[in-house]
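Asker: Predicted coordinates and the sequence they were generated for:
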Amino acid sequence: MGNLIYNYEEAVALILFSVGFVTLLFHRNMIRKLIGMNIMDSGIYLFLASMGYIYDRRAPIVEGGDTNPVNYINPVPASLVLTGIVVSVSVTAVMLSLAVRLYERYHTLNLDEIYAMSRRRSEHR
Amino acid sequence: MTINPTKPTGAVKTMKIRDNIKKWLAYDYDLDAAPVMPDPVEPDVEAPDISFWRSLRRRGAHRALYYVAAVICSIILASTLILTVSGMPRYGEDAEFMDTVTYEYLAHGMEYTGAVNIVSGIILEYRAFDTLGESFVLFCAVTCVLVLLRIDDGKDDVSLPCHDLTGDVILSRTMRALIPFIFIFGIYVLLNGHLSPGGGFSGGAVLGAGIILLSSAYGEKTSGKFVTERTFRIVTTSALLFYCVGKSYTFYTGANGLHSFIGNGTPGNILSAGLILPLNVAVGLVVACTMYGIYRMFKERRF
Amino acid sequence: MSFIENLPFLSVVVFLFAAVVCSVLKPRAARAFTAAVEALVVVFSALTLFYTYTVGEPFRYNMGHFDAPWSNQLRAGVLDALAALAFSSVLLLSHIGGIRYAKIDIEQKKQNSYCTLLNLIGAALMALSYTNDLFTGYVFLEILTLSSCGILVIRRQGRTTLAAARYMVINLLGSGLFLLGVTLFYGTTGHLLMEYIKVGVENLDATGEYSIPLTVTIGLVSAGLAIKSGLFPFHTWMPDTYGTATPTSSAILSGIVSKGYIFLLIKIMYRVVGTGTAAMTAACHILYVFGMIGIVMGSFWAIKSKYLNRMIAYSSAAQIGYIFVGIGLGGDAGFRAAIFQVLAHAFTKPLLFIAGARLSEASGDSQAFSALQGSAHRSRAAGAAFAIGAMSMVGIPTLAGFSTKLYFAIAAVEHGTLVDLATLAVLAVSTLLNALYFIRTVIRIYTPSPAPEPLPTFEPSPDKHDPGLAAAVGFAAGILFLGIFPGTVSSLILTGLSMFG
């Protein structure tokens, strides 16, 4: 099993990812799907953050003009996470407003029920 | 020789088949069933998976199926990913192959970008195109939310009731004490992005949250002094345009090997790091306005 | 450095700029401005294509003052420029072709938001065509997803909201997998630029280090992009999405948005992983199988559906299947067929949607086949345009669909024996099925209506300024070009593929 014993943090992050993925795929409730998506994304960000961490090193903010790279952790994952978080915030906002619209129209958030209701109203034309 | 009427001969069979094909090609079965211009109310039959789901649901079995599928799927996914992790480089150790990129950022980042905070330097100079895209993701999201939720003509679906906290004593008293600190902290984070942890997105988020709190404690009249639709439009548009133009200038001069007139200043000073400070301010304004705009859309469905 | 090398960068930035400006313009001005910007980018892409083809090698464009492994980078070769040209011209034609319906379907105050979203789609597609950086690819992928959700849901009728919810869920699954894949690429090679990842991947492949993570990464990226583009088991959002959106949106979503994802996938296969890697080959085989199933099932459901737009939508599922079969066949021939199919479908499907919208308008806004009978006589231009599109889908010679099927057959014959046979069989069956439902529809719309005056009368050309006809002519010209000069396009594609290496 190689490095699993050392990489427990990354393993936890990816378990979170799969929990979120499955929630997003299989839950029928719009809000739970949304929560699943956020768990999934958080899993990825945690994975990135743990990938960049190096023992006994500081955060990448230069102190006292010390530009020796072996004193700092990897800054790239941090910047990717920063970008990714904004993306998932945006997606969350859009999904939430979709949920509001769906609830106003069908008075439920269960996608199966919404689908059945939409068929009954024969909206698909 | 007699022909058995119940058992059609080959010729009759062929004719029947030909008839059926003709009918099918001309959609006759459809026309026969309904008057000349049928009003298609009947649910259409297609996508067999859906009718399969419907039959399952009638028996209440779909829920169980979802659970089983979810459990199997998550076990497979999680075990694959754990296997992946066990083959990855060790946690907390310096992987050599990453150093080509990383060490350059750490060793020369401050010198080349003027930013003490290396992460700020990366997202606003080295990988600025990503960050430009990221601001536009935010812009895209707020446009989508406006499209989805905005009511203009008033004849739309009834909007949902919303719990209103305006005039709540505890909230308004607490806010009176907290508001100055929230705004000062937001501005501090915004302006110190190149010197310390922080930057446009985090500072803008703090500012936006401050405006939202203000609006929920004192109502729209008070927060309207800060952000109306007009200011929302003006600030978002001009900040994004400034971002677009400023960054395009850097990209253009950089790629064409021209000298940029923007200097880096002394690293560590508040007025340093070239475009990073103004861009952080622009991004912060966009984020604050966007957050407040989204909040208003959810609460009131209009500005 | 020639000025033309700035054009890829300018194509992206001009769209972004126009998106911001459109959000404050009046609807009429916003429409005109958007169309002008789209036309400008068509010119930019054509110039870039010409330049890269004459120079004979791709060029790189650093985004900023820093050099390759440290900064974002764009890269333009013949294939990137060809994709950008196809995407931008289809965007322009779909936009002006559906303006008439966009005016009706979209509230007055949201017209400029629609233009903003179209510009954002343009920017995202340009960035996906030219980007040399995987994470930039992810960011613009998300812009593409969000803005296509926006152009879908902007029409407030029928089940657009439900369709958008399903579309977003499927797309978010795909994005999640893709982002994790990009992260793992970074974690095993330490780079985000395509060439540098490729070097890293080749080293790892040679030494056998990190073999499991690498395989999983390739699987995640391929699965994510395949899900986003609507490969077989994940195509269920298609009929609702394409069937209920306003015609411009349907045309853009089916014609170019899904192709943007596929183009990124092809790029990753060539430029990040290398087609020779064992894991890549395995991933291609899986995509091949799903593509085959998708072709047959898509055609099957298209035959069963009773409404025109849903039939066209299900046929999209089949056409996406074709592309993935091409990718699965592998080799230059397979990828040539896949890319040719991307181009052919990008021009044909929007034509069908826009002509179909006009036909249904001439039949009292009904999409049911029974109502569409004789509609080609009520709207002659739309009937002719629809017939051209349908014939191209079936694969009549001199039209784009024929060349596509020819290249698929060539790719299949070059391959091994069993795969060869299976592909040819599926190709034959699907052509037959295509012919069944498309020719049936054409016959249907040209059969005179049974009732003497079936509908409240329809004026043949009520709006003098409707540029729908011009758009249809543009699409038809594209289809004819791809059908009559397949050799030119094929040599462009092959040059582009060799530049990918």
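Answerer: Now that the structure is in, tell me what you want to look at.

Asker: Okay, helices next: where are they in chain A?
Answerer: Assigned helices in chain A, in chain order: A:8-26, A:30-52, A:76-106, A:111-120 (criterion: DSSP state H).

Asker: Turn the ones you listed into CSV, columns for mean neighbour count and distance to chain C.
Answerer: (Glycine included, C-beta is placed from N, CA and C.) As requested, those are arranged in CSV below (neighbours: other Cβ atoms under 10 Å in any protein chain shown; distance: least, Cβ to the nearest Cβ, whole Å):
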stretch, mean neighbour count, distance to chain C
helix A:8-26, 21, 6
helix A:30-52, 21, 5
helix A:76-106, 22, 5
helix A:111-120, 17, 5
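
Asker: For chain A, what's its nearest residue on the stretch 251-400 of chain C.
Answerer: Among all residues of the stretch 251-400 of chain C, C:Gln367 sits closest to chain A, at 5.5 Å; criterion: Cβ to the nearest Cβ.

Asker: That residue and B:Ser135, how far apart?
Answerer: The span separating C:Gln367 from B:Ser135 equals 40 Å under the rule Cβ to Cβ, to the nearest Å.

Asker: same deal with B:Phe201?
Answerer: As defined by Cβ to Cβ, B:Phe201 lies at a distance of 9 Å from B:Ser135.

Asker: so what's in contact with the two at the same time?
Answerer: Applying Cβ atoms under 8 Å, 6 or more residues apart in numbering or on different chains, one finds that B:Phe201 and B:Ser135 are jointly contacted by A:Val86, B:Val283.

Asker: if I look at B:Tyr67, how far off is A:Asn29?
Answerer: Taking Cβ to Cβ as the measure, B:Tyr67 and A:Asn29 are separated by 14 Å.

Asker: Have a look at those two and say which one is more surrounded.
Answerer: Neighbour tally, B:Tyr67 and A:Asn29, criterion other Cβ atoms under 10 Å in any protein chain shown: the higher count belongs to A:Asn29, 17 against 11.

Asker: Contacts only, for the closest residue in space to the more buried one that isn't next to it in sequence.
Answerer: Using Cβ to Cβ, 6 or more residues apart in numbering or on different chains and skipping the chain neighbours, the partner closest in space to A:Asn29 is A:Leu109 (5.3 Å). For A:Leu109, the set of contacting residues under the criterion of Cβ under 8 Å, 6+ apart consists of A:Asn29, A:Met30, A:Ile31, A:Ala99, A:Leu102, A:Tyr103.

Asker: again with A:Glu63
Answerer: When the contact criterion is Cβ under 8 Å, 6+ apart, A:Glu63 has no partners at all.

Asker: Let's see that with 10 Å instead.
Answerer: Neighbouring residues of A:Glu63 by Cβ atoms under 10 Å, 6 or more residues apart in numbering or on different chains: A:Asn71, A:Tyr72, B:Val116.

Asker: Same check on C:Val90?
Answerer: With contact taken as Cβ under 10 Å, 6+ apart, C:Val90 is in contact with C:38, C:42, C:97, C:125, C:251-252, C:255-256, C:259, C:343, C:346-347, C:349-351, C:471, C:474-475, C:478.

Asker: Tell me how many other residues crowd C:Phe500.
Answerer: Neighbours around C:Phe500, by other Cβ under 10 Å: 20.

Asker: Please tell me how far the closest residue to it other than its chain neighbours sits from C:Arg75.
Answerer: Residue nearest to C:Phe500 in three dimensions, not counting chain neighbours: C:Tyr270, with 4.0 Å by Cβ to Cβ, 6+ apart. In this structure, C:Tyr270 lies at 12 Å from C:Arg75, with Cβ to Cβ as the measure.

Asker: Common neighbours of those two, please.
Answerer: Contact criterion Cβ under 10 Å, 6+ apart; residues bridging C:Tyr270 and C:Arg75 by contacting each: C:Met194, C:Met499, C:Phe500.

Asker: Next step: those residues restricted to strands.
Answerer: Under the assignment DSSP state E, those contribute nothing to strands.

Asker: JSON lines please, covering those residues and showing pLDDT.
Answerer: Compiled in JSON lines, the shared contacts of C:Tyr270 and C:Arg75 are given as follows (pLDDT from 0 to 100):
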{"residue": "C:Met194", "pLDDT": "91"}
{"residue": "C:Met499", "pLDDT": "87"}
{"residue": "C:Phe500", "pLDDT": "83"}
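
Asker: Show only the entries of the residues you listed found in helices.
Answerer: C:Met194, C:Met499, C:Phe500.

Asker: rewinding a little: now the weakest link among the helices of chain A, please, by mean pLDDT.
Answerer: Across the helices of chain A, helix A:111-120 has the smallest mean pLDDT, namely a mean of 84.

Asker: Give the other helices and strands that that helix contacts.
Answerer: Of the remaining helices and strands, those touching helix A:111-120 by 3 or more Cβ pairs under 10 Å, 6 or more residues apart in numbering or on different chains; DSSP states H and E are helix A:30-52, helix A:76-106, helix B:48-58, helix B:62-86, helix C:160-189.

Asker: and the nearest residue to B:Thr100 once chain neighbours are set aside, how many neighbours?
Answerer: Nearest residue to B:Thr100, sequence neighbours excluded (Cβ to Cβ, 6+ apart): C:Pro69, at 6.2 Å. C:Pro69: 15 surrounding residues under other Cβ under 10 Å.

Asker: Surely C:Pro69 and B:Tyr103 touch.
Answerer: No - using Cβ atoms under 10 Å, C:Pro69 makes no contact with B:Tyr103, being 11.2 Å away.

Asker: Who are the contact partners of the closest residue to A:Val100 other than its chain neighbours?
Answerer: What sits nearest to A:Val100 in space, not counting adjacent residues and going by Cβ to Cβ, 6+ apart, is B:Leu149, at 6.4 Å. With contacts taken as Cβ under 10 Å, 6+ apart, B:Leu149 has the following neighbours: A:96-98, A:100-101, A:104, B:156, B:159, B:294, B:296-302.

Asker: Please render the helices and strands packed on helix A:111-120 as CSV that adds distance to C:Leu85 to the earlier fields.
Answerer: Formatted as CSV, the entries for the helices and strands packed on helix A:111-120 read as follows, by distance: least, Cβ to Cβ, whole Å:
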stretch, distance to C:Leu85
helix A:30-52, 34
helix A:76-106, 28
helix B:48-58, 38
helix B:62-86, 39
helix C:160-189, 25
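
Asker: Can you tell me how far B:Gly293 is from C:Arg100?
Answerer: In this view, B:Gly293 and C:Arg100 are 31 Å apart by Cβ to Cβ.

Asker: ok, now how distant is the residue nearest in space to the middle of chain A from C:Asp466?
Answerer: For chain A, the residue whose C-alpha lies nearest the mean C-alpha position (Cα atoms, centre = their mean) is A:Asp41; its distance is 1.2 Å. Distance of A:Asp41 to C:Asp466, computed by Cβ to Cβ: 44 Å.

Asker: Kindly report the same for B:Asn192.
Answerer: Here B:Asn192 is placed at a distance of 55 Å from C:Asp466 (Cβ to Cβ).

Asker: same check, this time on B:Ile151
Answerer: 30 Å.
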